[in-house]
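Colleague: build me a structure from this.
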Amino acid sequence: MIFDSVRHGFPVPESFCLGKNEITGGEDETMKDICRKRRELRRVKLLGRAKPAGDTVFSPDCDVGFRNKRWKCADTGVPDGLVGGTAQTDVTSGGESTLSGGFACHTHGSVSVIGRRRAMEDAVAVELGFLTRGSKTYDFFGVFDGHGGFRVAQSCRETLHKLVAKIVEERGGAEIDWEKVMEAGFREMDEEVNKNGAAVAMVGSTAVVAVVGEEEVVVAHCGDSRAVISCGGVAVQLSDDHKPDRSDELERIISCGGKVIDWNGQRVLGVLATSRSIGDKCLKPFVTPEPEVKVVDITDSDEFLILASDGLWDVVSNDLACLVVRKCLNGRIKRTSHVSVVQQDRELEQIDDKGKGENHAVVAAANVLVELAMARGSRDNVSVIVVDLRHSKSGRVRSFSGSRNQVST
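Modeller: Just a heads-up that it's a prediction; the model follows:
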């Protein structure tokens with residue numbers, strides 16, 4: 001006899017758990033199916049032991065074997081001081097997945113999956129209320145796409161928002177010069193990771209970050225991760241991918257004495273397929289961490305913001321991504337793929353806590369975008385953040401900073 005953990009010590013025959021018929025001694029498909037369901041219930045009970053806000057939901061070594069696929073439960077936490085937020089981890093098809101939601105200034109959903117890659121090099125940062133300036137509170141969202149390893153992307157996730165907040169506080173003043181703040185933050189982040197010397201000389205990460213307040217959105221990026229905002233049903237690209245063959249980037253690289261070589265695509269010195277990144281010390285000055293920055297006042301027409309790595313944008317257009325998110329937020333698309341029982345319960349808790357299903361819809365939108373990228377054959381890590389802007393304060397487009405005069409759509 002063994003004891004069934006789901007029924008708190010209720011004894012069951014060992015043959016039953018092996019899916020065998022006690023009378024004939026042969027295999028019984030019905031019993032095997034029941035046995036499989038019982039094992040899944042035990043697994044749900046294990047995963048359901050969530051810790052208080054601020055701690056990780058799952059232990060770092062929680063590996064779950066399910067239907068011959070290996071899932072890794074990633075650590076997810078709730079920022080200090082967040083009231084009513086729920087940290088979540090979504091175990092879905094596609095690999096390692098991290099899902100989070102919160103209720104500070106803006107509801108959001110974020111997903112990061114390993115996809116078809118052998119290693120996870122993406123990182124996602126969500127820091128709600130990371131900066132308070134007078135009566136204004138700002139949230140920080142970032143997607144970091146690492147290459148050559150995960151160390152730089154992870155460092156950016158842990159540190160960049162702290163550097164930005166520190167710089168804002170040090171500079172003081174009534175108005176924040178976001179362009180200079182972001183340039184200084186990216187530069188200090190680059191110096192920080194390059195302190196490790198030869199260990200990260202060939203490691204780097206693209207970065208696209210958004211600081212979102214009640215009245216404005218600040219987007220800074222270096223590399224080919226992208227930010228897209230939906231305004232009045234129109235997809236507006238807020239960042240222009242830093243590719244080596246982009247005319248101004250090509251001119252900059254050549255003026256520094258570098259070359260762009262076609263080696264399975266246009267690459268800096270035949271090595272890197274992006275012309276700007278944090279890290280990559282061995283490729284400087286041809287690869288620079290200097291970001292392009294855009295500051296946009298939020299209007300009544302603004303619906304949501306999408307930040308994602310090129311694992312999404314390589315296979316999904318801006319217009320299609322915005323169309324999918326819009327339909328999710330309007331309740332016209334619902335996920336039909338496998339969702340764990342734990343995930344369903346927690347998503348329902350979010351709806352109950354907030355009183356409306358808006359946060360649930362944003363979380364679902366991020367998931368659907370990732371699933372769409374995987375279905376379209378993306379072979380990269382895929383990381384997506386969707387931020388709901390529909391309840392922010394009204395305003396007008398204030399300014400666009402950076403080397404480009406127009407925003408591409």
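
Colleague: in contact with the closest residue to Leu320 other than its chain neighbours, which residues?
Modeller: Distance criterion CB to CB, 6 or more residues apart in numbering; nearest residue to Leu320, sequence neighbours excluded, is Leu372 at 7.9 Å. Where C-beta positions appear, they are placed from N, C-alpha and C, glycine not excepted. Applying CB atoms under 8 Å, 6 or more residues apart in numbering, we find Leu372 in contact with Val316, Leu320, Val324.

Colleague: now the buried members of these.
Modeller: Buried residues within the contacts of Leu372, counting neighbours by 16 or more other CB atoms under 10 Å: Val316, Val324.

Colleague: looking at the contacts of Leu372, which are in helices?
Modeller: When DSSP state H defines the helices, the subset of the contacts of Leu372 inside them is Leu320, Val324.

Colleague: doesn't the residue nearest to Leu320 fall inside a helix?
Modeller: Yes: assigned with DSSP: H, G, I helix; E, B strand; the rest coil, Leu372 falls within a helix.

Colleague: so which helix or strand takes in Glu127?
Modeller: Applying DSSP states H and E as the criterion places Glu127 in strand 122-133.

Colleague: next, the buried residues of that strand.
Modeller: Asp122, Ala123, Val124, Ala125, Val126, Glu127, Leu128, Gly129, Phe130, Leu131.

Colleague: what is the mean pLDDT for the next helix or strand along the chain from it?
Modeller: Remark: after strand 122-133, the chain's next helix or strand is strand 136-147, criterion DSSP H and E. For strand 136-147, mean pLDDT rounds to 96.

Colleague: could you do stretch 162-175 as well?
Modeller: Averaged over stretch 162-175, pLDDT sits at 91.

Colleague: low-scoring pLDDT stretches of the stretch 301-409 of the chain, where are they?
Modeller: Applying pLDDT under 70 to the stretch 301-409 of the chain flags residues 334-359, 392-409.

Colleague: which parts of it are helices?
Modeller: Under the criterion DSSP state H, counting those that start in this stretch, the stretch 301-409 of the chain carries helices at the ranges 310-313, 318-329, 341-354, 358-375.

Colleague: separation between Leu312 and Phe140?
Modeller: For Leu312, the distance to Phe140 equals 20 Å [CB to CB, to the nearest Å].

Colleague: ignore what I typed, I meant Ser155.
Modeller: Noted for Ser155: a distance of 15 Å to Phe140, by CB to CB.

Colleague: what's the closest of the contacts of Leu372 to Asp380?
Modeller: The shortest gap between Asp380 and any of the contacts of Leu372 belongs to Val316, at 12.0 Å (CB to CB).

Colleague: correct me, but that closest one touches Met374?
Modeller: No: the pair Val316 / Met374 is not scored as a contact, 10.5 Å apart, by CB atoms under 8 Å.

Colleague: how many residues are close by Gly377?
Modeller: The criterion is other CB atoms under 10 Å. On that basis, Gly377 has 9 neighbouring residues.

Colleague: buried stuff in the host helix or strand of Glu249?
Modeller: Assigned by DSSP H and E, Glu249 belongs to helix 247-255. Within helix 247-255, the residues that qualify as buried are Glu249, Leu250, Arg252, Ile253, counting by 16+ other CB under 10 Å.

Colleague: can you name every helix or strand that that helix contacts?
Modeller: strand 260-262 (3 or more CB pairs under 8 Å, 6 or more residues apart in numbering; DSSP states H and E).

Colleague: again, only using 10 Å
Modeller: Helix 247-255 makes packing contacts with strand 260-262, strand 266-268 when contacts are defined by 3 or more CB pairs under 10 Å, 6 or more residues apart in numbering; DSSP states H and E.

Colleague: for Gly197, which of those is the nearest?
Modeller: Nearest to Gly197 among the helices and strands packed on helix 247-255 is strand 266-268; the distance by CB to CB comes to 20.9 Å.

Colleague: sheet-wise, list the partners of the following helix or strand past the closest one with their directions.
Modeller: Of the helices and strands lying after strand 266-268 in sequence (DSSP H and E), the nearest is strand 278-279. If you go by DSSP bridges, strand 278-279 pairs up with strand 204-212 (antiparallel).

Colleague: quick revisit: more neighbours, Leu312 and Phe140?
Modeller: Taking other CB under 10 Å, Leu312 and Phe140 do not tie; Leu312 has more neighbours (27 against 22).

Colleague: who's in contact with that one?
Modeller: Applying CB atoms under 10 Å, 6 or more residues apart in numbering to Leu312 gives the contacts 143, 225-226, 228, 306, 321, 369-370, 372-374, 376, 378, 380-384.

Colleague: try Val124
Modeller: Under the criterion of CB under 10 Å, 6+ apart, the contact list for Val124 reads 76, 98-100, 110-112, 141-144, 153, 157, 307-309, 366, 383-385.

Colleague: hmm, 6 Å instead?
Modeller: Neighbouring residues of Val124 by CB atoms under 6 Å, 6 or more residues apart in numbering: Ser110, Ser112, Val143, Ser383.

Colleague: name the element the closest residue to it other than its chain neighbours belongs to?
Modeller: In space, and not counting its chain neighbours, Val124 is closest to Ser112: 4.7 Å by CB to CB, 6+ apart. Taking DSSP H and E as the criterion, Ser112 maps to strand 108-113.

Colleague: check which helices and strands that strand sits against.
Modeller: Under the contact definition 3 or more CB pairs under 6 Å, 6 or more residues apart in numbering; DSSP states H and E, strand 108-113 sits against strand 97-101, strand 122-133, helix 358-375, strand 382-388.

Colleague: would you list the ones you listed in CSV and tack on distance to Val219?
Modeller: As requested, the helices and strands packed on strand 108-113 are exported to CSV (distance: least, CB to CB, whole Å):
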stretch, distance to Val219
strand 97-101, 20
strand 122-133, 14
helix 358-375, 18
strand 382-388, 11
